[in-house]
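> sequence-free structure coming up:
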């Protein structure tokens with residue numbers, strides 16, 4: 001068995017399963033569930049991205065290396081965000097100021113770090129897709145979806161700067177935000193599936 005492909009295939013499977021569960025937990029509004037799967041998703045994403053990086057040809061290596069480096073940055077931000085939710089926020093009594101900063105549904109500092117992390121993930125998929133040399137229809141679709149996903153960098157990075165999310169913290173049940181994330185899951189799920197098929201060949 002080719003260990004490179006094996007690890008990358010497992011990573012793609014992790015991405016597929018965690019994104020699917022993320023959508024399910026969002027729909028039923030089970031926050032601890034989607035916090036937990038979001039702690040695992042970055043590991044699978046790095047395994048998947050590293051596999052694509054290892055395959056790329058010499059003249060595309062810089063783009064692939066950028067994609068893998070950004071995947072590691074994404075992983076750092078996201079694991080910090082959701083480990084904080086599962087430990088400090090879940091287990092400890094926080095004062096009001098700390099709650100506003102650390103509790104995810106207050107749309108404060110920790111929420112902004114989450115968006116920045118997923119913005120970096122979008123850049124990672126863009127550069128990783130750019131580095132690919134498609135060999136079949138599956139690869140072409142995977143490359144296109146990854147590069148188009150790069151557009152999310154702009155909304156994830158610049159929307160928090162406008163302060164629009166601060167208004168959301170004053171009321172509402174957050175259903176609009178959850179539906180937007182479900183829509184993202186519907187878009188990203190095929191990336192995990194196509195990556196799995198790519199490494200399974």
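Cool, got the structure. Everything quoted here is computed from the prediction, not taken from an experiment.
> Output the lowest mean pLDDT helix or strand found in the protein.
Lowest on mean pLDDT, DSSP states H and E among the helices and strands of the chain sits helix 164-168, with a mean of 61.
> how far out from the middle of the chain is the next helix-or-strand element following that one?
Sequence order places helix 175-200 as the next helix or strand after helix 164-168, per DSSP states H and E. Helix 175-200 sits 9 Å away from the centroid of its parent chain (CA atoms, centre = their mean, to the nearest Å).
> Pull out the buried positions in helix 175-200.
Within helix 175-200, the residues that qualify as buried are 177-178, 181, 184-185, 188-189, 191-199, counting by 16 or more other CB atoms under 10 Å. In this view, the C-beta of every residue, glycine as well, is placed from N, C-alpha and C.
> What mean pLDDT does that helix get?
Helix 175-200 shows a mean pLDDT of 92.
> Please apply the same query to stretch 133-144.
On average, stretch 133-144 scores 96.
> same check, this time on stretch 41-59
95.
> residues of it that come out buried?
41-42, 44-53, 55-56.
> same check, this time on stretch 62-75
Buried residues in stretch 62-75 (16+ other CB under 10 Å): 63, 64, 66, 67, 68, 70, 71, 74, 75.
> Same check on stretch 135-155?
Buried, per 16+ other CB under 10 Å, within stretch 135-155: 138, 139, 141, 142, 143, 145, 146, 147, 149, 150, 152, 153.
> hang on, residue 132 packs against residue 142?
Yes. Using CB atoms under 8 Å, residue 132 is in contact with residue 142, at 7.2 Å.
> re earlier: which ones among the buried residues of stretch 41-59 are found in helices?
41-42, 44-53, 55 (DSSP state H).
> got these as TSV, with distance to residue 25 columns?
Listed next are these as TSV, based on distance: CB to CB, whole Å:
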residue	distance to residue 25
41	12
42	16
44	16
45	18
46	22
47	22
48	21
49	24
50	27
51	27
52	27
53	30
55	32
